[in-house]
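> Below: sequence and its predicted model.
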Amino acid sequence: MRACRREPLPSPPVWLMRQAGRYMKEYREVRDRVGFLELCRNPDLVAEVTVYAAQRLGVDAAIVFSDLLLPVESFGLRLAFEKGDGPSISPPIRSGADVDRLREPELEADLGYVFEGIRATRRALPADMPLIGFAGAPFTLASYMIEGGGSSAYRHTKSLFYRDPGAWNALLARIVRLTSAYLNGQIAAGAQAVQIFDSWVGCLSPDDYRVFVLPHVRTLVAALTPGVPVILFGTQTTSLLPHFKTAGAGVVGVDWRVDLVEAWDRLGDVAIMGNLDPIVLFAPREEVVRRTKVLLGRASGRPGWIFNLGHGILPHTPVDNVVALVETVHAWNGA
């Protein structure tokens, strides 16, 4: 929390995206008993996997176990996770008429299990460990809804905003209304900071981001509970950093494809989060430690840095290497 406010600290705090996940044996044991969506909808299991991961790794913050696609069900769409194929959403949104047919969300009825999971997690966590809530960013959530699942070219998404900007803006306005209420609900339930994940936004040109996305991100950030730190994270966003700077979030997360100091200099007076390549964690442990120290040295004690990966921990990552990373950050004294 102090790093989010850019207060000086002897060493940076560290937490890791997807720190509760398939790379942990204990998580896989839970998943052997329940499906992914069933896990997300079970507050006690959410608390169990969230708290276990934070304590096993020794990180400085927990992030509630959930999925950024859960809110799409609030619009009356079907969400499924097919083994080996990732998420699917049906029916896809391809026109203004499709946008008009979306139902009006009922926040507590549709997503109350997420809030209960946060309350259960907050009760189980140490009092001094912050809990982070999160949601998908407007562009990423809209893209999933339009494409119906994963995509490499985002053909349907881009075609919609080129062909029918009115339908696009109407869809994102709906998403922003739901997402702001959803994140504020997470804050009310006990999340002390929130992260907005824009996993897919790197597919856009700077001009398209400025015209079709940035106004909606600004509206979302401005609608969140005052005083609560907001982290805006995207991948492949080097060309978008000047616009990220104006989105209103106090913390910007960056992936490993941009130099940390260069990103910080371009962003200016915000806190920054990142940006170690997750694949580094597959290297020999001494190399994990060496590269972690290199990144720590790059930051040079600059206030307002949160150590994190440039994206989530990958399946099959050695847990001991993750622990070594966290221990290295905590032991850092500038040498």
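In hand now; what should we look at?
> Could you report the distance from the nearest residue in space to residue 192 that is not next to it in sequence to residue 162?
In space, and not counting its chain neighbours, residue 192 is closest to residue 130: 4.5 Å by Cβ to Cβ, 6 or more residues apart in numbering. Where C-beta positions appear, they are placed from N, C-alpha and C, glycine not excepted. Counting by Cβ to Cβ, to the nearest Å, the gap from residue 130 to residue 162 is 41 Å.
> same check, this time on residue 231
Here the criterion is Cβ to Cβ. By it, residue 231 lies 30 Å from residue 162.
> Those two: which has the busier surroundings?
Between residue 231 and residue 162, counting by other Cβ atoms under 10 Å, residue 231 is the more crowded of the two (23 against 11).
> for this protein, longest helix please?
Criterion DSSP state H: the longest helix present in the chain is helix 165-189.
> Just want the most central residue of this protein.
residue 197 (3.6 Å; Cα atoms, centre = their mean).
> Report the secondary structure state of it.
strand (DSSP: H, G, I helix; E, B strand; the rest coil).
> ok, it touching residue 135?
Yes: contact criterion Cβ atoms under 8 Å: residue 197 and residue 135 qualify, at 7.3 Å.
> Identify the contacts common to the two.
Shared contacts of residue 197 and residue 135 (Cβ atoms under 8 Å, 6 or more residues apart in numbering): residue 68.
> tell me the SS of residue 273?
Secondary structure, three-state DSSP: residue 273 is strand.
> what's near enough to touch residue 3?
Contacts for residue 3 (Cβ under 8 Å, 6+ apart) come out as 9, 12, 13, 271, 303, 304, 305, 306.
> err, residue 96, not the other one
164, 166, 167, 170.
> at 6 Å instead, please
For residue 96, the contact set (Cβ atoms under 6 Å, 6 or more residues apart in numbering) comprises 164, 167.
> My reading is that residue 257 lies in a strand. Confirm?
No: if the criterion is three-state DSSP, then residue 257 is coil and not within a strand.
> measure it to residue 276 for me?
For residue 257, the distance to residue 276 equals 12 Å [Cβ to Cβ].
> Comparing the two, which residue is more hemmed in?
residue 276 (23 against 14).
> so what's that one scoring on pLDDT?
The per-residue pLDDT reported for residue 276 equals 97.
> re the thing from before, mind checking which of the contacts of residue 3 are buried?
Of the members of the contacts of residue 3, the ones counted as buried by neighbours, 16 or more other Cβ atoms under 10 Å, are 12, 13, 271, 304, 305, 306.
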